[in-house]
Every structure is written in C-alpha cells, then in structure tokens.
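Undergrad: Next come a sequence and a model predicted from it.
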Amino acid sequence: MGPSKVFCVLHRVSRLSPAWTAGFGRTVDCKFALDQGHGGRRRYCMDSALNQHMSELTDKESRILSRLYEGLVTGQRACLAESITLVETQHPRKKELAQVLLQRVLAHRRQQEELNGGKPLAFRVGLSGPPGAGKSTFIEVFGKMLTGSGHKVSVLAVDPSSCTTGGSLMGDKTRMTELSRDMQAYIRPSPTSGTLGGVTRTTNEAIVLCEGAGYDIVLVETVGVGQSEFAVADMVDMFVLLIPPAGGDELQGIKRGIIEMADLVVVTKADGDLLVPARRIQAEYTSALKLLRKKSKSWTPKVVRVSSRTGEGVAELWERLQEFQTAALRSGELQARRRSQQKVWMWSLIQENVLLHFKQHPAVRDGLPALEDSVIRGDISPGLAADMLLRAFSSGQ
Ligand SMILES: Nc1nc2c(ncn2[C@@H]2O[C@H](COP(=O)(O)OP(=O)(O)OP(=O)(O)O)[C@@H](O)[C@H]2O)c(=O)[nH]1
C-alpha cells in the first residue's frame, strides 16, 4: 500500500466526528507502522475494516451511535438494551454499526482499565447446570445479595435451544422477578434467533456493552444443554457448575468434560429433606474433582453447598468467587484467559460469517437443493456433494 492509500485511510478517519475517532489513534499509527517499517511483511490492522464501516456513516447513523454510546457509558439501561439489540441484529448495515459502537466501547473500557491499574473492571462468571438445578432461583438470591452490597449486576443468557425452537427459555423475566425490578441489575434474555455461534458472539458483545455501562459483575447463564456450557466457559473469568442433589440418573446428563471446566461446583437446594443428599453429592464431587487434572496453578476447584431457599451458603460462595478472582488476577491467569478468549471469539465470528457467505453464494444457493436431494437418496456421497459446493463457492469468488 503506497502513501496515497495511507492518506486515503487517514482522510476517511478524519471525516468522522472527533467523538468517533477519539479512540482510534492506535489504528492509524498501526497502519503507518505497516507501511513504513516492516519490510513489506503483511500485517493486518483493524483500520481497513473499521474504516469501511465508519467512512460511510450518515449523519443520522452518527447521531444514533453517539446517543447510544453516551447513554451507555452514563449507565442508561434503555441505551444498553438498544445497543444489545443492535449487536443481535441480522441486518448487514446494522451489524457494521454495531461493530463501530463496540470498538468505541472497547476503547472506553481500555481507558477505564488503564485508570484501574490495568485490572479488568468487571468479573465475569458463567453459571451452568442441568435443567431444574436451581440456577434462576440462585441467581435471583445471589444477584440481590450483590446489588445489596453495592454491585451492579447483569445477567445474560446463552440458550442454543432458542435457535431451533424460535423461543427463548430465558424470555420470561418472571424467572427472576425480584432481580428484574432491581435498578442495579440488568437481565437480558437470550437472543431468539441465530446459530449457537451467533448467540455466542452476541453474548460476548453484550458482555462488553454491560461492562461499558458500568456493570461490575456479569453473570452468564446457560439455559440449554450441550455445547452451550462450553461456549459459556469460553466467555467468562470463572465457570461455576450448579448441580442439584439428585440421584445418579439425573446427573448422567452432565458431561464429564464440563466438570473438568468447572472452577467451582455448587450443590444447590441444600435444605430440608435435600440436605442429606446434598452432603452426599458434595462428597462425591469433591472426590471426583481430585481425580481430574489440575487446570490452574493458582486455584484448586472446590465443591460448596447452597440453599437459595434459606440463603445458607450464598455469602460463603461469594467469598469463594472473590478468592478465585484474587488468585487468578495475581497469577495473571485471568488476564491470560481473557486474551485467549478473544481469539475464540474471533473464530466464532469467522465461522458464523463464512457459513453465511457460503449459504448465500448464488452458485451454492442454486445447486444446494438438488445436491441435498441426491445425498438423501444416496445417489452421491455427502463428501462429494460438499466438494462440489465448495468448488462452486471458491470458483465464484
Ligand atoms: N428446596 C429447594 N428448592 C429449590 C431451591 N432452589 C430452587 N428450587 C426449586 O427447584 C426448581 C427449579 O428451580 P429453577 O431455579 O427454576 O431451576 P433452573 O436451573 O433455573 O431450571 P431451568 O429453568 O429448567 O433451567 C423450582 O421448583 C425451585 O423452587 C432451593 O434452594 N431449595
């Protein structure tokens, strides 16, 4: 890229209002570095994509983004809700606008973190468990305890079942009636459309927006079963598995892999008649965890009991969470985890978009129905059909 292209990039950035370019100084520097000092080695910087999105902002779009950004960072819930809706959209132009907004919020967060001595501003906790484990009852009680002690709590959900059923299990805020009325809490149901990859991306982006809006504790709940637990474990600082004091059969559904991901196992409903089985399950899981390979140098996973009904164990559980956070920050593991999660997030975005491009490609769209039929009838192998479609896709690029 010659000097004229560099000029063009700078010119496009400079056409934006100062408010929108304020966070992007590094971007421009980066492009200069590419052209002037790296011996022709190709380095990808974020500016070209970002500039593409930003350069064509109309006045109206600029105004909308400014309103959302200002409202968001000053903690207006309506602006946070609107911003999350923007990142969830499937509309191509709005998707681009969402990226411009996110970039701005990320720049704001970076500044805030610098002021905070480089420490993350929020603690992200993933909560997973089989249906009926008591997750929402727990979040309600736990969330109220946190807001009562001055925290701002947001609750986000990952619910891949909503992708196929079109309905969100988290849609009914009645699951957490008290917390949803609390002005220090923000509960966001899972998006009701998209792939798991898409839901993962939007949840990741919603986390950034919640943090930008000043929520210092972000709880990410998995509502579905299956891959969603793994997706959530890839978004959070700490992954907590909630287990009901149930018999072996009910626990069969919990995959071994997910127990390995857990930083903390919580046995729920430890009250009344369920207290004895809760103690037994706690002992079983404590033994089981000892057999697993240690995944962190600074933390040994623990098993605790809580009752959301009596509140017993909830404050102790918060202490465990804080111990984890302190240990992970001190060792640098938390920061390292976040860095690697950024990469996972980028790849989930790539996967989502590549598949979308593939499906929308005219040659693929034209050939797909007939090829699918042929595969179903057994006339050609799935591998051959996939090869043909992929060839049609790449030759038509
Ligand atoms: N005894 C007792 N029952 C509880 C406790 N917490 C939840 N429950 C009951 O367990 C059932 C399931 O609780 P939920 O909080 O809806 O469980 P969930 O994991 O959110 O379930 P899904 O919505 O299916 O994902 C409800 O009937 C609750 O009343 C508790 O601490 N003690």
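TA: Here it is on my side, so go on. Numbers count the residues shown, from 1 in each chain.

Undergrad: Can you point out the buried residues in the helix or strand containing residue 279?
TA: For residue 279, the host element (DSSP states H and E) is helix 275-291. For helix 275-291, burial by neighbour count (16 or more other C-beta atoms under 10 Å) applies to 275, 277-278, 281-282, 285, 289. Placement of C-beta: from N, CA and C, glycine included.

Undergrad: now swap in stretch 358-373 and tell me
TA: 358, 361, 363-364, 367-368, 371.

Undergrad: which bits of the protein sit near the ligand?
TA: 129, 131-137, 223, 268-269, 271-272, 274, 307-309 (C-beta under 6 Å from any ligand atom).

Undergrad: Near residue 109, how many residues? Count them for me, please.
TA: 20 (other C-beta atoms under 10 Å).

Undergrad: In which helix or strand does the residue nearest to residue 212 when sequence neighbours are not counted reside?
TA: Distances taken as C-beta to C-beta, 6 or more residues apart in numbering put residue 105 closest to residue 212, at 3.9 Å, once the chain neighbours are dropped. In the assignment (DSSP H and E), residue 105 maps to helix 92-115.

Undergrad: Going by contacts, tell me the helices and strands next to that helix.
TA: Secondary-structure packing of helix 92-115 (3 or more C-beta pairs under 8 Å, 6 or more residues apart in numbering; DSSP states H and E): helix 47-55, helix 59-73, helix 77-88, helix 196-212.

Undergrad: mind listing the strands for this protein?
TA: According to DSSP state E, the chain carries its strands in the segments 123-128, 153-158, 185-188, 217-222, 238-243, 264-267, 302-305.

Undergrad: Throw those into TSV and include mean pLDDT and mean neighbour count, thanks.
TA: Putting those into TSV (pLDDT from 0 to 100; neighbours: other C-beta atoms under 10 Å) gives the following:
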stretch	mean pLDDT	mean neighbour count
strand 123-128	95	25
strand 153-158	91	28
strand 185-188	93	23
strand 217-222	93	26
strand 238-243	93	24
strand 264-267	95	26
strand 302-305	95	20
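
Undergrad: Enumerate every residue touching the closest residue to residue 307 other than its chain neighbours.
TA: Leaving aside its sequence neighbours, residue 307 sits nearest to residue 271 (C-beta to C-beta, 6+ apart; 3.8 Å). Residues near residue 271 by C-beta atoms under 8 Å, 6 or more residues apart in numbering: 307, 309-310, 312.

Undergrad: State the pLDDT value of residue 271.
TA: Note for residue 271: predicted pLDDT of 93.

Undergrad: any idea how far residue 148 is from it?
TA: As judged by C-beta to C-beta, to the nearest Å, residue 271 and residue 148 stand 21 Å apart.

Undergrad: Okay, now the unreliable bits of the protein?
TA: 1-55, 160-174, 191-198, 224-226, 247-256, 396-397 (pLDDT under 70).

Undergrad: Kindly state the domain boundaries assigned to it.
TA: Residue ranges for the domains of the chain, per automatic domain parsing: 3-114, 120-335, 342-395.

Undergrad: Out of those, which one sits most buried?
TA: Comparing the domains of the chain by mean neighbour count (mean count of other C-beta atoms under 10 Å), domain 120-335 comes out on top with a mean of 19.

Undergrad: quick check, distance from that domain to the centre of its chain.
TA: 13 Å (C-alpha atoms, centre = their mean, to the nearest Å).
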